[in-house]
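Visitor: Next comes the sequence, and after it the predicted model I'd like to discuss.
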Protein chains: 2
Amino acid sequence: MTFSNHQFRLAARPVGAVKRSDFNYVEEPTRAPGDNEVLVKTLYLSLDPAMRGWMNEGKSYIAPVQLGEVMRAGGVGKVIESRHPKFSPGEFVSGSLGVQEYATLEAKLLTKIDPALAPLPAYLGAFGMPGMTAYFGLLDIGKPQPGETVVVSGAAGAVGTVVGQIARIKGCRVVGIAGGQQKCEYLTQQLGFDAAIDYKAEDVKKALRQHCPKGVDVYFDNVGGDILDIVLTQLARKARIVICGAISQYNSTTGVKGPSNYLSLLVNRASMTGMVVFDYADRYAEAGREMAGWYKAGQLKTREDVVSGLDTFPETLLKLFSGENFGKLVLKVADA
Amino acid sequence: MTFSNHQFRLAARPVGAVKRSDFNYVEEPTRAPGDNEVLVKTLYLSLDPAMRGWMNEGKSYIAPVQLGEVMRAGGVGKVIESRHPKFSPGEFVSGSLGVQEYATLEAKLLTKIDPALAPLPAYLGAFGMPGMTAYFGLLDIGKPQPGETVVVSGAAGAVGTVVGQIARIKGCRVVGIAGGQQKCEYLTQQLGFDAAIDYKAEDVKKALRQHCPKGVDVYFDNVGGDILDIVLTQLARKARIVICGAISQYNSTTGVKGPSNYLSLLVNRASMTGMVVFDYADRYAEAGREMAGWYKAGQLKTREDVVSGLDTFPETLLKLFSGENFGKLVLKVADA
């Protein structure tokens, strides 16, 4: 079987924000799977802040996407044809499918997923990389103790929502920083955050002082920039900062803004530690089981912001950087 | 007994570099010791980068020196009069004597020292706070393993010389960053550093690449600013940065420069942790014993840069910030 496969291939390394012209939108026939390969139809693609970094040249935690290559993206899809005994047509899988309608790839790069347990897009959010990032970043690096205060930025995003809910489950006071009243209400009214700070409307420093009277014990940072600098002024003794990302800085054309209050680490004997979720690959299953338990018990809610149409990819991706998405941003490519 | 006591009292909060006019140089009679107090004659005073921070207003790890107060300084002195059974006239002590010729203070704030074990000024360097800072910062926060590469900035200073020597003792490759050929030669030829980088004459990034081919596992930062930013680009996976100080930033009137390469912490799963030596007070004795052993065995050398004359205090202090001192900067106030 051969299908027409639309793809976004990287055409240029973006300067500042991503533009449509940084990609070539092309169509080519699918490649038939070879031995141990599987042909997958893309259903949903994960749009993540990290994608911006993958488009840059230079050393990072993962190789950059090369010019001419299909843009890298995690996704959920359905098996169409399989030359590996583990997979059969009609089964659902997740993996690095790329921004395209079909992917032919090695079976070992795919993970089978169960649509009965959670909706398919959730496998790109709470049950996918963002959920794993939240779980290991918070628990392994942040090490929150019951009664401590946990602050998370990008709180209404794919990682932030999970960080805050796990921190609640662990008995912490949880304060989220997000943009807009609607997101903030969602955090406190739907997800059980103790407080939410609308960075677009409030004085973040004053609000942190109010909501974190004993200081910030764990700060899970998804945004960097000014908010990181403000949180640094409110650390408790022995605070732990988890550096998960810096979405405010990824499109900067003038260089990254370093945290000028970093000497607060000294004053407060605090630490700032970077994390990359791939390091925990051998523990994903363990985390998935625990999170599924919380999900079934109603302690962990998921939310996806689903936009339809592969061809909208460049513009939809930009929603992440303008803060327009609300929950995990997912691009719907096809119906199951 | 009453003596004439010259003192430097803080007159103004400095803007930028410290000036003589930030102090009042006054003379008053000594206060006779009350019960459990001791009158100490100051022999040597410790001049430290941290002193600059103590002159600023605002929350820090220690209360700021108040306007009108005698400027805070650690020192070594001789007991003149004692109203505490533990101390007798003629004995040598260390403690927070202040920038003055005599101090009357509670016995419990003093530590007896042995001039037979090491020269008196060494009790302000390798056997004083700088030595303790090096010991606990390197071993407790940096946790260097044999074969790892340790980089220290301010390497020819009071803390840096001890950091590098302990790292050598622990079997690490040690690279020091210091200003000037003379200091660099001292590090490699006298203290056994594997390499030294003259930041005033060399391309620090290129030199780090050359001397740390496997990347930097532990970076002990005394200087902050551009050098911290450069070292961040050369981290090894799971590197540990010890934030001990930031002498390049203390006199800044335009705000502290944050490390704009801090996202290297993420890429390299590295950490940056602040430390304050006072937290380890209950382990000073343990560290002192181990360091005395290394000193006797010839593995740990000390070096002091002794300037004479209490009245030179403001100008002598500035040597720290211009990098003029070579080894622990000590102000000699009187002969023993």
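Guide: Structure's in. What do you need? Since we're looking at a predicted model, the values are computed, not measured.

Visitor: switch to C-alpha atoms for all contacts and neighbour counts from now on
Guide: Will do.

Visitor: In space, what's closest to the residue nearest the centre of chain A - neighbours in sequence excluded?
Guide: Taking C-alpha atoms, centre = their mean, the centroid of chain A lies closest to A:P130, which sits 3.8 Å from it. Spatial nearest neighbour of A:P130, excluding adjacent residues (C-alpha to C-alpha, 6 or more residues apart in numbering or on different chains): A:V159 at 4.8 Å.

Visitor: what's around that neighbour, how many residues?
Guide: Neighbour count for A:V159, taken as other C-alpha atoms under 10 Å in any protein chain shown: 29.

Visitor: what residues does chain A put near chain B?
Guide: Contact residues, chain A versus chain B (C-alpha under 8 Å from any C-alpha of the partner chain): A:60-61, A:243-246, A:255-276.

Visitor: so what's the residue nearest to A:P130 up against?
Guide: A:V159 makes contacts with A:G125, A:A126, A:P130, A:G131, A:T133, A:A134, A:K328, as judged by C-alpha atoms under 8 Å, 6 or more residues apart in numbering or on different chains.

Visitor: re earlier: the residue nearest to the centre of chain A reaches A:G157, doesn't it?
Guide: No: at 9.1 Å, A:P130 does not count as touching A:G157 under the criterion of C-alpha atoms under 8 Å.

Visitor: Near A:E57, how many other residues are there?
Guide: A:E57 has 14 neighbours, counted by other C-alpha under 10 Å.

Visitor: Next: the one 4 residues further on.
Guide: Neighbour count of A:Y61, defined by other C-alpha under 10 Å: 16.

Visitor: For A:V307, give the beta-bridge partners.
Guide: Taking DSSP bridges, one finds A:L331 as the beta-bridge partners of A:V307.

Visitor: now A:K41
Guide: On the basis of DSSP bridges, A:K41 is bridged to A:K78, A:Y102.

Visitor: now it: how far from A:L110?
Guide: 13 Å (C-alpha to C-alpha, to the nearest Å).

Visitor: so what's the closest residue to chain B within the stretch 51-200 of chain A closest to, chain neighbours aside?
Guide: Nearest residue of the stretch 51-200 of chain A to chain B: A:Y61, at 5.0 Å (C-alpha to the nearest C-alpha). Nearest residue to A:Y61, sequence neighbours excluded (C-alpha to C-alpha, 6+ apart): B:V267, at 5.0 Å.

Visitor: ok, now A:G16?
Guide: Sequence neighbours aside, A:N251 is the residue nearest to A:G16 in space, at 4.3 Å (criterion: C-alpha to C-alpha, 6+ apart).

Visitor: Quick check, that neighbour in contact with A:R13.
Guide: No: using C-alpha under 8 Å, A:N251 is not in contact with A:R13; the gap is 11.7 Å.

Visitor: how many other residues sit next to the residue nearest to A:Y61?
Guide: By other C-alpha under 10 Å, the burial measure for B:V267, its neighbour count, is 22.

Visitor: can you check A:K200 too?
Guide: 12.

Visitor: State the distance from it to A:R20.
Guide: In terms of C-alpha to C-alpha, A:K200 sits 28 Å off from A:R20.

Visitor: again, but for A:R31
Guide: As judged by C-alpha to C-alpha, A:R31 and A:R20 stand 26 Å apart.

Visitor: Give the helix, strand or coil label for A:Y186.
Guide: Classification of A:Y186 using DSSP: H, G, I helix; E, B strand; the rest coil returns helix.

Visitor: what's the neighbour count on it?
Guide: A:Y186 sits with 16 neighbouring residues when counted by other C-alpha under 10 Å.

Visitor: what does the one 3 residues further on give?
Guide: By other C-alpha under 10 Å, the residues close to A:Q189 number 13.
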